[in-house]
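*Asks:* Just the structure for this:
(chains A and B)
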Number of protein chains: 2
Amino acid sequence: MDKFMQAAFEEAEQGLQTGGIPIGSVLVHRDRIIGRGHNLRVQQGSPILHAETDALANAGRQPAAVYRECTLYTTLSPCIMCTGAILLYRIPRVVIGEHQTFLGEEELLRLRGVSVEVRNDSACIRLMSRFIETHPELWREDIGV
Amino acid sequence: MDKFMQAAFEEAEQGLQTGGIPIGSVLVHRDRIIGRGHNLRVQQGSPILHAETDALANAGRQPAAVYRECTLYTTLSPCIMCTGAILLYRIPRVVIGEHQTFLGEEELLRLRGVSVEVRNDSACIRLMSRFIETHPELWREDIGV
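*Replies:* The predicted structure is shown next:
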């Protein structure tokens, strides 16, 4: 796991430790993390704070030029809402820990010119598999089903 | 303007009065508003609190069955992030005040089965036109350009 995926993974673990859904994300600009986040559905009762949107929120208001030089790292394949956020800010590259437990909108990202890299990381798969197995209803709520 | 678009418009006006971008939204379940919101980029320094996502956030965690019976009203055509949020929760119907000042992702919404109705409301057009004219940079930031 490279250092940025490691940082996203640590966010996911922090989410789990605080009673939440273990998905983490970091926004990286020119080799520096400018926003970190994790899913906060449980902790803040929020349907819009997924890992990716939370990382964007924590990065604060950024000029378009900054987003254009960013890579978003996320432990899990991004859902359609987070995909939309990535496309809105024209983030050119997304690195995904795994898409085995949930396949998000990678096709739409690629279709609109985003570079998508999937790592198939075993630690990410294990963390999410265990969570889905033990909290199926919470997980279904998070993906709107 | 019907009562729900009126409520969305009042949210937009409240956004303007508090120094923000005048876009408002309400989430309606079975003829009752369960969430209201407006763009909070300026007020909260947030890149993810658009009117629609703020209305969803304020509605809190809802079961999938509730979203399936909702209509989202918004004063302006939804951007790709808000479109993603609508699709994630499978909200079946979106009513849009106007799409003259900004055309969002109505095509993607329709492509994925969402019923989209555009009102071409003159008050919504006027409010947004004036704002874009007087705050072009802030507006560009909000749509990621």
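*Asks:* correct me, but A:L40 touches A:S46?
*Replies:* Yes - with contact defined as Cβ atoms under 8 Å, A:L40 and A:S46 form a contacting pair (5.3 Å). Placement of C-beta: from N, CA and C, glycine included.
*Asks:* residue ranges for the helices of chain A, please.
*Replies:* With DSSP state H, the ranges of helices along chain A come out as A:3-17, A:41-44, A:51-59, A:64-67, A:80-88, A:106-111, A:122-134, A:136-142.
*Asks:* okay, now the residue of chain A found nearest chain B: neighbour count?
*Replies:* Distance from chain B to each residue of chain A (Cβ to the nearest Cβ) is smallest for A:G84, at 2.6 Å. Neighbourhood size, A:G84 [other Cβ atoms under 10 Å in any protein chain shown]: 28.
*Asks:* quick one: contacts for A:L138?
*Replies:* A:L138 makes contact with A:I21, A:R41, A:V42, according to Cβ atoms under 8 Å, 6 or more residues apart in numbering or on different chains.
*Asks:* Of those residues, just say which sits nearest to A:E11.
*Replies:* Distance to A:E11 across the contacts of A:L138 (Cβ to Cβ) is lowest for A:I21, with 11.5 Å.
*Asks:* so what's the residue lying closest to A:P63 once chain neighbours are set aside up against?
*Replies:* Distance criterion Cβ to Cβ, 6 or more residues apart in numbering or on different chains; nearest residue to A:P63, sequence neighbours excluded, is B:E141 at 7.2 Å. Residues counted as contacts of B:E141 (Cβ under 8 Å, 6+ apart) are A:R61, A:P63, A:A64, B:R41.
*Asks:* can you pick the most crowded of the residues you listed?
*Replies:* B:R41 (20 neighbours).
*Asks:* ok, it touching B:T53?
*Replies:* No - assessed by Cβ under 8 Å, B:R41 is found out of contact with B:T53, at 11.2 Å.
*Asks:* need the contact list for the spatially closest residue to the residue of chain A closest to chain B that is not a sequence neighbour.
*Replies:* Excluding the flanking residues, the one nearest A:G84 by Cβ to Cβ, 6+ apart is B:G84, at 2.6 Å. B:G84 makes contact with A:C79, A:I80, A:M81, A:C82, A:T83, A:G84, A:A85, A:E105 under the criterion Cβ under 8 Å, 6+ apart.
*Asks:* Please list which of the contacts of A:L138 also come close to chain B.
*Replies:* Residues of the contacts of A:L138 in contact with chain B (Cβ under 8 Å from any Cβ of the partner chain): A:R41.
*Asks:* and which of the contacts of A:L138 is nearest A:V118?
*Replies:* Closest to A:V118, out of all of the contacts of A:L138 and judged by Cβ to Cβ, is A:I21, at 19.9 Å.
*Asks:* The closest residue to the closest one other than its chain neighbours and B:G15, how far apart?
*Replies:* The shortest distance from A:I21 to any non-neighbouring residue, by Cβ to Cβ, 6+ apart, is to A:N39 (4.2 Å). Separation of A:N39 from B:G15 (Cβ to Cβ, to the nearest Å): 27 Å.
*Asks:* cool, and A:L103?
*Replies:* For A:L103 relative to B:G15 (Cβ to Cβ), the value is 36 Å.
*Asks:* Report the central residue of chain A.
*Replies:* In chain A, the centroid-proximal residue (Cα atoms, centre = their mean) is A:T74; its distance is 3.5 Å.
*Asks:* got the contact list for the closest residue to A:R68 other than its chain neighbours?
*Replies:* Spatial nearest neighbour of A:R68, excluding adjacent residues (Cβ to Cβ, 6+ apart): A:R90 at 5.9 Å. Going by Cβ under 8 Å, 6+ apart, A:R90 touches A:A64, A:Y67, A:R68, B:G144.
*Asks:* repeat that with 7 Å
*Replies:* A:Y67, A:R68, B:G144 (Cβ atoms under 7 Å, 6 or more residues apart in numbering or on different chains).
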